[in-house]
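K.L.:
no sequence for this one, just the structure:
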Ligand SMILES: Nc1ncnc2c1ncn2[C@@H]1O[C@H](COP(=O)(O)OP(=O)(O)OP(=O)(O)O)[C@@H](O)[C@H]1O
């Protein structure tokens, strides 16, 4: 389970998080939907311990990520907003490096590597150097390195950006499979269709705050609109920065 409670964060005069609170439950896919600059990335960074908030807490299975970042990180996989691959490493070496950072070694490490490579269907690129990989291949390697230690929680910051239709479908299938396994999945997005299709719960954020929470259907009922897109516009008063 993932929770943020009363987060406050400023960057100079910018009020990026203004008492933001929400939770994401096990066995569910939770989406954070909001326009550009709403505070999505900032909230996720606080949650996985990359940024310190001035007030509030980010909790990973009840562990405060600012108080005990190492234990918290063991329980999450992170698909960050900006990622790079070590171009000279093969995909297998790259994933192995992350597995070692999570304390895996010996046979356990080998087993974890084989298992995630099979699960994501990347046997064909596992022993190729990452330089020259397509966006879809890069996405799968980053997903593999996020999942290799079998975390209970997965946080993804706009995971489908730059992906073609096939890669987006593969990612969706992986997320649905992880949900079936009872994992807690939290992802941010601008893409309405993806959120409507995948999410059990949608957290609508604007101006560093939560504007509404509910299933796509509940958000439609709440606003009297027939689509999530219309409900979103009604909730935040603008369609800026949102993709259909
Ligand atoms: N390192 C930083 N320095 C200065 N301002 C920042 C920094 N990070 C975020 N901000 C500001 O904080 C606010 C929230 O940004 P954040 O990246 O969290 O929004 P977002 O909802 O993820 O937006 P987007 O959808 O555009 O990625 C914005 O006004 C942004 O410019």
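P.N.:
Sure, I can see it. Worth saying up front: this structure is predicted, and the values here are computed from it rather than measured. Numbering: from 1, shown residues only.
K.L.:
look up phi and psi at residue 65.
P.N.:
phi -70, psi -10 (degrees, to the nearest 10).
K.L.:
hang on, it packs against residue 56?
P.N.:
No - the criterion here is Cβ atoms under 8 Å, and residue 65 misses it with residue 56 at 11.3 Å. C-betas here are computed from N, CA, C, even on glycine.
K.L.:
need the residues touching each of those two.
P.N.:
residue 46 (Cβ atoms under 8 Å, 6 or more residues apart in numbering).
K.L.:
which of these two has more neighbours?
P.N.:
Of the pair residue 65 and residue 56, residue 65 is the one with more neighbours under other Cβ atoms under 10 Å, namely 27 against 18.
K.L.:
return the residues in contact with the more buried one.
P.N.:
Residue 65 touches 46-49, 58-59, 72-73, counting by Cβ under 8 Å, 6+ apart.
K.L.:
check which element follows the helix or strand bottoming out on mean pLDDT in the chain along the chain.
P.N.:
The helix or strand of the chain with the poorest confidence is helix 192-198; it has a mean of 87 (mean pLDDT, DSSP states H and E). Using DSSP states H and E, the helix or strand that follows helix 192-198 in sequence is strand 201-206.
K.L.:
now for that next one, which elements pack on it?
P.N.:
strand 14-24, strand 28-33, strand 209-214, helix 216-223, helix 228-236 (3 or more Cβ pairs under 8 Å, 6 or more residues apart in numbering; DSSP states H and E).
K.L.:
report the longest helix in the protein, please.
P.N.:
Longest helix in the chain, counting residues (DSSP state H): helix 165-180.
K.L.:
who does it touch, helix- and strand-wise?
P.N.:
Using 3+ Cβ pairs under 8 Å, 6+ apart as the contact test, the elements touching helix 165-180 are strand 28-33, helix 135-147, strand 184-189, helix 192-198.
K.L.:
dig out what the one residue sitting closest to the centre of the chain forms beta bridges with.
P.N.:
Nearest to the mean C-alpha position of the chain, counting by Cα atoms, centre = their mean, stands residue 156 at 1.5 Å. Beta bridges link residue 156 to residue 79, residue 187, judged by DSSP bridges.
K.L.:
what's near enough to touch the nearest residue to residue 96 once chain neighbours are set aside?
P.N.:
In this structure, residue 96 finds its nearest non-sequential neighbour in residue 113, 5.8 Å apart by Cβ to Cβ, 6 or more residues apart in numbering. Counting by Cβ under 8 Å, 6+ apart, residue 113 makes contact with 92, 95-96, 99, 148.
K.L.:
can you tell me which residues contact residue 150?
P.N.:
Residue 150 makes contact with residue 112 under the criterion Cβ under 8 Å, 6+ apart.
K.L.:
in TSV: the contacts of residue 65, plus secondary structure, distance to residue 125 and neighbour count.
P.N.:
Shown next, in TSV, are the contacts of residue 65 (DSSP: H, G, I helix; E, B strand; the rest coil; distance: Cβ to Cβ, whole Å; neighbours: other Cβ atoms under 10 Å):
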residue	secondary structure	distance to residue 125	neighbour count
46	helix	33	25
47	helix	30	28
48	coil	27	21
49	coil	30	21
58	strand	34	27
59	strand	36	18
72	helix	31	22
73	helix	26	19
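K.L.:
domains of the protein?
P.N.:
For the chain, automatic domain parsing gives the domain ranges 1-75+153-164+180-244, 83-150.
K.L.:
what is the end-to-end distance of the shortest one?
P.N.:
Between the start and the finish of domain 83-150 there is a gap of 20 Å, counting by Cα to Cα, to the nearest Å.
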